[in-house]
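Chemist: Kindly return the folded structure for what I paste below:
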Amino acid sequence: MLLWLFHHFVALPGVGAWGKITFRAALAAMVSFLLAVVLGPRLIAWLRTRFREPIKSRSAELCRLHAGKQATPTMGGLFIVAGLAGGTVLFGDLTNIYLLLALFVAGGLTVLGAIDDLVKLRSPANGISARTKLLGQVAIATVAAVALYQDHAGLADGLVLPPPLHRTGLSLGAWFIPLAVVVMVGASNSVNLTDGLDGLAGGCLVFAAGAMTLVVYAAGHAGWAAYLDVPRVHGAGELAVLAAGMIGAVVGFLWFNCHPAQVFMGDTGALPLGGLLGLLAVVSRQELLLVIVGGVFVVEAGSVLLQVGYYKWRRRRIFRCAPIHHHFQFLGWPENKIVVRFWIAAALCALVGLAGLKAGTGGNAVVEDAAHSRPVRLAHSLPP
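Modeler: Numbers count the residues shown, from 1 in each chain. Prediction:
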């Protein structure tokens, strides 16, 4: 919105900086944070009178451990999404297809998550059925995946899956669509599974989103894409504004969600935030890198799959409780210790992922010299 105004006043001294993605991303993060912090107390007070989280679990021990959280307001994802949407709309380029798709995914999954939370609050059921939720996620992700496929099919490496630590990618063709759906839905559910302790999902999201902000910016920047030898996706850099807004909004939410939490994120926040994380990876063609960057979410989801699968096979459990953060609770770890250690693991995963992105280039990148129509090899030279 404001970008249109900036373009019309670019001749004024100092206003040209407003057109820079990095500057607008910083502003989006700041505004999203302020919106979340300002809206937080008012929305928490409203949620407290209407939407209090019931502790529903088949584990008596888990119910005992979380007894103090009974009736804590939930659906705090509403002011996370409001914050990131506000920052994005104000400072993003709303003609950018990737930004519009991201807002669609965020909006669709927020509505789906809100329905799930409301069913959990208004009925004895623990939310809508897993099948209904999955179908809703797949439908939203498929719309975004088809639109991205049509867009990326016209790019040089738009349908290539580049594995980390290796220069040779795999051409996906139409398989781009199901992979994109799996990544977005998988990321959405993984974040949702991680959201079980005060501040756990939010803190891990900050590190993962921070890494993916750099990745999408690099993919949209000709110099950085060449230097890192990653697929060049023109326009992907605009998603850095949304990703920065997401970080700001989540940090604002953590202001109220740190232990002891005044409000829970709920599916209203976890589903769209995870879906956006997956979308960032799909647009930048770094789906496999997301597995490393979001390693904590992968482990959390994997622990549930292992627990369920092994129990059905051997009628025995691998962990005392899944997702795995509850396993550590059952071992007697204090909640704050679990959360902070998972944050540290999330930070390390983000750093390893970013290091792996550069390690796969061998320190060199090939770009085309437009003046002489010949390739030029850059050796350890940073783009401006």
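Chemist: how about the strands of the protein, start to end?
Modeler: When assigned using DSSP state E, the strands of the chain occupy the ranges 52-53, 72-73, 160-161, 170-171, 364-369, 374-379.
Chemist: what's the average pLDDT for the last one?
Modeler: Right, the one you point to is strand 374-379. Model confidence over strand 374-379, given as mean pLDDT, is 39.
Chemist: go on, the fifth one?
Modeler: Mean pLDDT, computed over strand 364-369, is 39.
Chemist: Kindly report the same for the first one.
Modeler: Along strand 52-53, the predicted confidence averages to a pLDDT of 65.
Chemist: Now do the contacts for residue 27.
Modeler: 87, 90, 91 (C-beta atoms under 8 Å, 6 or more residues apart in numbering). (C-beta placed from N, C-alpha, C; glycine too.)
Chemist: Highest neighbour count among the residues you listed?
Modeler: Top of those by neighbour number is residue 87, holding 30 neighbours under the definition other C-beta atoms under 10 Å.
Chemist: Need phi/psi at residue 198.
Modeler: Main-chain dihedrals, residue 198, degrees, to the nearest 10: phi -60, psi 120.
Chemist: pretty sure it contacts residue 334?
Modeler: No. Using C-beta atoms under 8 Å, residue 198 is not in contact with residue 334; the gap is 11.4 Å.
Chemist: Who has more neighbours out of the two?
Modeler: residue 198 (22 against 11).
Chemist: Name all residues that make contact with that one.
Modeler: 257, 258, 259, 260, 261, 335, 339.
Chemist: try residue 41
Modeler: Contacts of residue 41 by C-beta under 8 Å, 6+ apart are residue 256.
Chemist: Look up how far residue 337 lies from it.
Modeler: Distance, residue 41 to residue 337, using C-beta to C-beta, to the nearest Å: 28 Å.
Chemist: And for residue 200?
Modeler: 12 Å.
Chemist: try residue 61
Modeler: Taking C-beta to C-beta, one finds residue 61 at 18 Å from residue 337.
Chemist: quick one, which of the two is more surrounded?
Modeler: Using other C-beta under 10 Å, the more surrounded residue of residue 61 and residue 337 is residue 61, with 13 against 10.
Chemist: what distance separates the top helix by length along the chain from the centre of its chain?
Modeler: Counting residues, the longest helix found in the chain (DSSP state H) is helix 21-48. Its chain's C-alpha centre and that of helix 21-48 lie 17 Å apart, by C-alpha atoms, centre = their mean, to the nearest Å.
Chemist: now, which of the contacts of residue 198 sits nearest residue 292?
Modeler: The nearest member of those to residue 292, counting by C-beta to C-beta, is residue 339 at 21.3 Å.
Chemist: Run a quick neighbour tally on residue 130.
Modeler: A count of nearby residues for residue 130, using other C-beta under 10 Å, gives 10.
Chemist: actually residue 218, sorry about that
Modeler: Neighbours of residue 218 using other C-beta under 10 Å come to 26.
Chemist: quick one: it from residue 224, how far?
Modeler: According to C-beta to C-beta, residue 218 stands 4 Å off from residue 224.
Chemist: what sits against residue 62?
Modeler: 321, 326, 329.
Chemist: could I get these as CSV with neighbour count?
Modeler: Converted to CSV, the contacts of residue 62 look like this (neighbours: other C-beta atoms under 10 Å):
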residue, neighbour count
321, 21
326, 23
329, 20
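Chemist: what residue ranges in the chain are flagged as low confidence?
Modeler: Within the chain, the stretches with pLDDT under 70 are 1-18, 51-60, 63, 65-67, 164-168, 359-384.
Chemist: residue nearest the centroid of it?
Modeler: Nearest to the mean C-alpha position of the chain, by C-alpha atoms, centre = their mean, lies residue 277 at 2.5 Å.
Chemist: Quick check: closest non-adjacent residue to that residue.
Modeler: residue 187 (4.8 Å; C-beta to C-beta, 6 or more residues apart in numbering).
Chemist: wait, the one you found sits on residue 297?
Modeler: Yes. When contacts are counted by C-beta under 8 Å, residue 187 is listed as touching residue 297 (7.0 Å).
Chemist: Give me the buried subset of the contacts of residue 198.
Modeler: Among those, those scoring as buried are 257, 261, 335, 339 (criterion: 16 or more other C-beta atoms under 10 Å).
Chemist: Good, wrapping up.
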